[in-house]
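# model the structure of this input:
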Amino acid sequence: MLQYASIEGEEFLSTVLAELLGVDELNLEERLDRLEKIHLLVHTLGEEELPDGNTATRYRFVHALYQNFLYAELLNKRRTLLHRQAGEILVRCFRNRTASVAMALATHFERGRDFARAVEYLNQAASNASALYAHAQAVEHYSRALALIEKLPEEARDQGRMALYKRRGDASLSLGRPANAEDDYTFLLRISRAKNHAQWECRALTDLANVHHYTRKPEEMGTCAEQAIEVAERIGDRALWSEAKGQLAASRQVIGRVAEAHTLFEESIPAARSIGHVPALLQGLTYRGVAHFFQSEYKQSVAAETEASHLAAASGNGFFFALSLTFLGFGLANRGQMSEALSALNEALSMATRNANQIVLGRAPNGVGWIHREIGNLREAVAHNEACVETARRAKIYEAESNSLINLVHDYTALGEPTKARAAMEQADSVYDREIWNRWRFFDIRHQAACAEYWLAAGKLDRAREHAQTLLNNAVRYGVPKYVAVGRRLLGEILSISGDTNAAEQEFDQALQALKANPAPLVEWKTHASLGRLLLGCHRPAAARESFQKAASVVCGLAAGIVDPDLKACFLDQLEVRQVTSEGKS
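The predicted structure is shown next:
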């Protein structure tokens, strides 16, 4: 009796064991009761109601050694037969709720040499794991299924193999392992082309386009997306077409052609929405939110990422869930909703940490660090950005490394540590040499802003002006209003120090004008404050007070969005903030 029970593992159900033995279940439970009380070999865990309406008692071997010994003593053929029978019994007992015992069924059918059904239930177990964002476990199940599928007849392999490569690639991407995902999608493309299966070919091309975003192959990203569009149009598959269009749009924004990306998103997102195609809609919303973010359209970015994060959560897509939350946090912070931004970023980090998702772990912390700098919590900002540099270097995510180094230039400049700021600036320079395609967003814009700020603090006005003007030119070229304002504010500061107060005032006014259509309160209050100081120095107290009052109004709104009392106090205690509130009242 116990030898047959060992087939189920360390725990076993009375219903399954009774049927395996061909005995009455009540009689069996009475015998097990004696074994428990007299021989201490098993332990009763309790009763449970099965989906087929029957009640079973669950038992456990007191020690795994008993189960292992008894299992090893079974003849191989008997063991194989019992596993297959146990699987059949569980299928009957659990009816349409086999998902809850999918791994047990997979094990029984694999050991019972029914490999087709073992693959079926490994797929189900992997889906269960992915739904719980346990993507590492899902990868293990898919890998096991791929090994077993080779034992099936040749004609039964191809369709299942293609589906498994696709799903394992998706799970690997959710773990932040784009290289592994790329391998699986490449295998899928090779098999689908060999078998002339256009739908799978299109899926493979679209997925490769997406993964090339993270394996730093922008040219291949665009090529794969274009090929996928051609295949989708040839076979008339609107769903696949919308996915491919979305990926082509994402490839365009990566290289700085954001206006073209928006045009493509305007085709792909409505198409996906009209047919209810969740994968295309999810990726389109996420990447369009990123495009809006890049162009300082924070309201639109937050709306897109909010919808994307809800859609990702509902569909169990761990990759886009964490990614959309990351950019939702960035967008919220730029709108001045600091606590909401930290909440979104911390949720993204929690998800990424659970799955060791290097893609998000290399990006979200520098957002948290940036928020802490804006609040005035500089040491916390440095800690997040230093950690992010290390994570990005280990994962070879150069764009995230450069972004964090740029943040450190700002952090150390604000802390009055120019040597460390200069070192971060020089390290960032070396990153761009390794990854040229990230230059437009990070070198052309954010890096120029950091350098201008550094040289301004160092009193090197010519060098500061050179970087600020380059920043302004690039921000205008790429259509980034926030950095148009930052560039003009920096030029205003430089002109003010140089004594050209009229030109400085014009720059500050134009900086504020750039924010009219696309508000960025973190930039706005500082610009009002800079203008107020200029006017105060020009002995225009009424105009200066008006500017300080405008700055104070924005500051009050920002403070209202900081829930944590310590962080709010930190923000309000900044020297520049105190000047704004004081001068605005006078």
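# for the strand or helix carrying residue 184, buried residues please.
Assigned by DSSP states H and E, residue 184 belongs to helix 178-194. By neighbour count on 16 or more other Cβ atoms under 10 Å, the buried set for helix 178-194 is 178, 180-189, 191-192. Bear in mind the C-beta positions are built from the backbone N, C-alpha and C, glycine included.
# now the nearest residue to residue 382 once chain neighbours are set aside: how far from residue 424?
Using Cβ to Cβ, 6 or more residues apart in numbering and skipping residues adjacent in sequence, the residue nearest residue 382 is residue 411, 4.9 Å away. Distance of residue 411 to residue 424, given as Cβ to Cβ, to the nearest Å: 8 Å.
# quick one: secondary structure of residue 59?
Per DSSP: H, G, I helix; E, B strand; the rest coil, the secondary structure class of residue 59 is strand.
# mind giving me the packing neighbours of the helix or strand of the chain with the lowest mean pLDDT?
Ranked by mean pLDDT, DSSP states H and E, the weakest helix or strand in the chain is helix 358-361, scoring a mean of 84. Here helix 358-361 touches helix 318-334, helix 338-355, helix 378-395, going by 3 or more Cβ pairs under 8 Å, 6 or more residues apart in numbering; DSSP states H and E.
# after that helix, next one along is what?
Next along the chain after helix 358-361, taking DSSP H and E as the criterion, comes helix 364-375.
# elements contacting that following helix?
Right, helix 364-375 is packed against helix 318-334, helix 338-355, helix 378-395, helix 398-414, helix 565-572 by 3+ Cβ pairs under 8 Å, 6+ apart.
# to residue 362, which of the helices and strands packed on helix 358-361 lies closest?
helix 378-395 (4.2 Å; Cβ to Cβ).
# counting contacts, what elements does the closest one pack onto?
Short answer (3+ Cβ pairs under 8 Å, 6+ apart): helix 378-395 packs on helix 358-361, helix 364-375, helix 398-414.
# nearest to residue 531, of those helices?
Residue 531 lies closest to helix 364-375 among these, at 19.3 Å (Cβ to Cβ).
# the closest one to helix 398-414, inter-axis angle?
20 degrees (axes from the mean of the first three to the mean of the last three Cα atoms, to 10 degrees).
# ok, now which ones touch the residue nearest to residue 382?
Listed by Cβ atoms under 8 Å, 6 or more residues apart in numbering, the contact set of residue 411 reads 369, 373, 378, 381, 382, 385, 421.
# then residue 145?
118, 119, 122, 123, 126, 160, 164.
# which residues touch the residue nearest to it when sequence neighbours are not counted?
Using Cβ to Cβ, 6+ apart and skipping residues adjacent in sequence, the residue nearest residue 145 is residue 122, 4.0 Å away. Residue 122 makes contacts with 102, 106, 110, 141, 142, 144, 145, 148, as judged by Cβ under 8 Å, 6+ apart.
# you'd agree residue 59 is up against residue 5?
Yes - Residue 59 is within contact range of residue 5, at 7.3 Å (criterion: Cβ atoms under 8 Å).
# which residues do the two both contact?
12, 42.
# just checking, residue 336 is part of a helix?
No - going by three-state DSSP, the assignment for residue 336 is coil, not a helix.
# nearest residue to it in space, please, no chain neighbours.
Nearest non-adjacent residue to residue 336, counting by Cβ to Cβ, 6+ apart: residue 521, 3.9 Å away.
# check contacts around the one you found.
Shown in contact with residue 521 (Cβ under 8 Å, 6+ apart): 335, 336, 554, 557, 558.
# can you flag the buried ones in these?
Buried subset of the contacts of residue 521 (neighbour count, 16+ other Cβ under 10 Å): 335, 336, 554, 558.
# tell me the buried residues in stretch 191-206?
191, 192, 197, 198, 200, 201, 202, 203, 204, 205, 206.
# pull the distance from that stretch to the chain's centre.
From the chain centre to the centre of stretch 191-206 is a distance of 27 Å (Cα atoms, centre = their mean, to the nearest Å).
# that older thread, could I get the helices and strands packed on helix 358-361 as a markdown table with mean neighbour count, mean pLDDT and distance to residue 512?
A markdown table is the format used below for the helices and strands packed on helix 358-361 (neighbours: other Cβ atoms under 10 Å; pLDDT from 0 to 100; distance: least, Cβ to Cβ, whole Å):
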| stretch | mean neighbour count | mean pLDDT | distance to residue 512 |
| --- | --- | --- | --- |
| helix 318-334 | 28 | 94 | 16 |
| helix 338-355 | 21 | 92 | 21 |
| helix 378-395 | 20 | 90 | 26 |
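# which one of these lies closest to residue 403?
Of the helices and strands packed on helix 358-361, the one closest to residue 403 (Cβ to Cβ) turns out to be helix 378-395, at 7.9 Å.
# run through who's touching that closest one.
176, 358-359, 361-363, 365-366, 368-370, 372-373, 397-398, 400-401, 403-405, 407-408, 411-412, 414-415.
# among these, the buried ones, what's the PyMOL command?
The following PyMOL line selects those of the contacts of helix 378-395 that are buried, judged by 16+ other Cβ under 10 Å:
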select buried, resi 176+358+359+361+362+363+365+366+368+369+370+372+373+397+398+400+401+403+404+405+407+408+411+412+414
